[in-house]
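Visitor: the following block contains a protein sequence and its predicted model.
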Amino acid sequence: MNILRLLFFYLIVLGIGAIFIWLKVPTSFSIAFFTILAVAIVGYYAFTMTSSKNTKAILRQARYQKSNPTYAYAFAIKDGTKEDEIEALDRLIKKFKNQPDGQKDYEFQRAVRLGELSNARDIVNSMKNGPLKSYNTAYVEALSGKYGNARNHPFYQPWMSHSIEAVIAQKQHKLERYKEEMQLAIDQSRGIHRLMNQVKFEKTLKEWK
């Protein structure tokens, strides 16, 4: 499907180019037009994956790059099994081998998904101070039942505090509270974070006990 879309786009560009030639449009104008078109496409993609609140658009863009390990992980959560998620996380851990904090973040997520809280705590303790460490520390404390400590960390993005509250609600088996807090986390997140929150929300509801 992606190949067909790319082919369709390629044919459109060729068609525009042919029209420009037929109309004898100056070369400088043609180059400027296609440069602006390329910048607009790249800009739209960057905006969608970092700042958009349109979940459908984010999901659509992610589908175009399912081979990207980050997006493959999102789809493993959305449509796959727990084993698919671990496999996707293993690929991300390998991909980020030259970015220690990013790698540790995925190692942390892997440990959490496997229920290895002691290992998760060791991983987060080895991370550099920053947004990831603060959020992951709160996350593991919420999972450990240390709710006061979990709430007492600085959160660098608005959605993070609601995500932690959702974890606490899940631990306390409060389904409606979980839905409320997780929906707030989704509403206040953008781009890839919004997509990840959405798919994790859907997966948790499927697995709710």
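Guide: That came through fine. Computed from a predicted model, the values in this text were never measured in an experiment. Numbering: from 1, shown residues only.

Visitor: residue contacts, S161?
Guide: 151, 155 (CB atoms under 8 Å, 6 or more residues apart in numbering). For glycine as for every other residue, the C-beta is placed from the backbone atoms N, C-alpha and C.

Visitor: and for the one 10 residues further on?
Guide: Shown here is K171, whose contacts under the criterion CB under 8 Å, 6+ apart are 142-143, 145, 147.

Visitor: just the buried residues of these.
Guide: By neighbour count, with 16 or more other CB atoms under 10 Å, the contacts of K171 hold 142-143, 147 as buried.

Visitor: per-residue pLDDT, F9?
Guide: Note on F9: pLDDT of 55.

Visitor: for H162, same thing?
Guide: 97.

Visitor: tell me how far it lies from Y178.
Guide: For H162, the distance to Y178 (CB to CB, to the nearest Å) stands at 11 Å.

Visitor: all the helices of this protein, residue numbers only.
Guide: Applying DSSP state H to the chain gives helices spanning 2-22, 27-50, 55-64, 69-79, 82-95, 100-113, 117-125, 131-143, 147-151, 158-171, 175-187, 191-207.

Visitor: ok now the third one, how far from the chain's centre?
Guide: Computed by CA atoms, centre = their mean, to the nearest Å, the separation of helix 55-64 from the middle of its chain amounts to 11 Å.

Visitor: in it, what counts as buried?
Guide: Within helix 55-64, judged by 16+ other CB under 10 Å, the buried ones are 58-59, 61-62.

Visitor: now do the fifth one
Guide: Neighbour-count burial for helix 82-95, counted by 16+ other CB under 10 Å, picks out 84-85, 88-89, 92-93.

Visitor: quick check: which helices or strands does it pack against?
Guide: helix 69-79, helix 100-113 (3 or more CB pairs under 8 Å, 6 or more residues apart in numbering; DSSP states H and E).

Visitor: okay if I get these as TSV plus mean neighbour count, mean pLDDT and distance to N129?
Guide: Output for those, formatted as TSV (neighbours: other CB atoms under 10 Å; pLDDT from 0 to 100; distance: least, CB to CB, whole Å):
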stretch	mean neighbour count	mean pLDDT	distance to N129
helix 69-79	19	92	24
helix 100-113	19	94	10
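
Visitor: could I get those helices as CSV with distance to P154?
Guide: Listed next are the helices and strands packed on helix 82-95 as CSV, based on distance: least, CB to CB, whole Å:
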stretch, distance to P154
helix 69-79, 25
helix 100-113, 17
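
Visitor: relative to K200, which of those is closest?
Guide: helix 69-79 (6.0 Å; CB to CB).

Visitor: list the contacts of the closest one.
Guide: 62-63, 65-66, 84-85, 87-89, 91-92, 95, 192, 195-196, 199-200, 202-203.
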